[in-house]
Structures are given as C-alpha cells and as structure tokens.
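Undergrad: pasting the structure only:
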C-alpha cells in the first residue's frame, strides 16, 4: 500500500486533471453562451452563465483541495 504522501500526490494529480477538464468545459460553455446571446437566445445564455458561475465556484474548491493535499 502506498504511503499517505504518495496517495496525496496521486489524488492531487487526479484532481488537477479534473480541474483542467473543468476549465476546458467552462471555455466551451463561454463560447456557446456568447453565440446564444448574439443570436437572441438570451434566456438560455443566462442559464449557461449560472452554470459557469458554478464551475468557477467548484474550481476554487478543487484548487484549494489540491493545495491542501500537496502541503503535507
């Protein structure tokens, strides 16, 4: 069984990959939201913005978790 430090590093690495995926999804959603807004679908664009805010909030929490794991 790996020691706690190895496990923490592996967990931080996995969370980092998930965070990168989250940033990529956010960027794609921003492009779609921009297109929706420019094409008159404002209510859907507004809903997408709410989802983007959730991604941002969760990205901050994931970043904090990665930092805590790598501190030890």
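TA: That came through fine. On a predicted model such as this, the values are computed, not experimentally measured, just so you know.
Undergrad: ok, residue 5 - how many residues close by?
TA: Summarising burial for residue 5: neighbours were counted as other C-beta atoms under 10 Å, giving 11. Every residue, glycine included, has its C-beta placed from N, CA and C.
Undergrad: correction: residue 54
TA: Around residue 54 sit 11 other residues, with neighbours defined as other C-beta under 10 Å.
Undergrad: Quick check: which element contains it?
TA: Counting by DSSP states H and E, the secondary-structure element that holds residue 54 is helix 42-71.
Undergrad: quick check: mean pLDDT across that helix?
TA: If you average the pLDDT over helix 42-71, you get 94.
Undergrad: Just list the residues touching residue 37, thanks.
TA: Contacts of residue 37 were listed using C-beta atoms under 8 Å, 6 or more residues apart in numbering, and they are residue 45.
Undergrad: Let the chain start at 13 from now.
TA: Sounds good: first residue 13 from here, last item residue 49.
Undergrad: if I pick the residue nearest to the spatial centre of the chain, what's in contact with it?
TA: Relative to the mean C-alpha position of the chain, the nearest C-alpha, by C-alpha atoms, centre = their mean, is the one of residue 34, at 3.2 Å. By C-beta under 8 Å, 6+ apart, the contact set of residue 34 is 67, 70-71, 74.
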